[in-house]
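Chemist: Take this sequence and fold it.
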Amino acid sequence: MDDIFDPGLLRENPRQMSAATLAFLGDAVYELLARQKLAVTTIPAGKLHRMAIGMVCAGAQSQAYEVLEPLLTEEELAVLKRGRNTHPSHTAKNAKVADYRRATGVEALFGYLWLCGRTARLRELFDAVCAAAESASAAPAQAE
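Modeler: Now for the predicted structure:
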């Protein structure tokens, strides 16, 4: 039986896919990484859901864009910017347009990397985003 999570099952070339399609898939990849990170904690399940939402919302992904941009190769940066420049099919309900567009870029990048089978690179980039977020949340506590 084939592994249903094998990105090779999708026979399309990721470079030829629309940025919106990459973002559609990348949204799920990013959320799965967030949920996986949270699942190893001892936090009650009800709180885990709220924490996951906080990690994958447009505002958090917009901040992730800022962390990721200097870490990317030219190829990855091109995908990030192509996703950012995609014209959304709907308006962001709870996000600024600029945040929503940067979040779409992050999602497109994660979809692209997953389809290319670059799971180690996905983990590396996601870990960098998490480290930056943890550092930012710890900074105000240290200042007090």
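Chemist: For the helix or strand where residue 124 lies, which outside residues touch it?
Modeler: When secondary structure is defined by DSSP states H and E, residue 124 falls within helix 119-143. Helix 119-143 is contacted from outside by 29-30, 33, 37, 55, 60, 63-64, 67-68, 71, 109-110, 113-114, using C-beta atoms under 8 Å, 6 or more residues apart in numbering. (C-beta placed from N, C-alpha, C; glycine too.)
Chemist: for stretch 37-49, same thing?
Modeler: With C-beta under 8 Å, 6+ apart, stretch 37-49 has contacts from 35, 51, 52, 55, 126, 130.
Chemist: Let me know the average pLDDT across that stretch.
Modeler: Taken as a whole, stretch 37-49 has a mean pLDDT of 87.
Chemist: Kindly export that stretch (C-alpha atoms) in CSV.
Modeler: What follows is stretch 37-49, C-alpha atoms only, in CSV (Å, rounded to 0.1, in the frame of the first residue of the first chain):
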residue,chain,number,x,y,z
LYS,A,37,5.0,20.6,18.4
LEU,A,38,2.2,21.2,20.9
ALA,A,39,1.2,17.6,21.2
VAL,A,40,4.3,16.7,23.1
THR,A,41,3.5,19.1,25.9
THR,A,42,1.5,18.4,29.0
ILE,A,43,-1.1,21.1,28.3
PRO,A,44,-4.8,20.1,28.3
ALA,A,45,-6.3,19.4,24.9
GLY,A,46,-8.7,22.3,25.1
LYS,A,47,-5.9,24.8,25.5
LEU,A,48,-3.8,23.0,22.7
HIS,A,49,-6.4,24.0,20.1
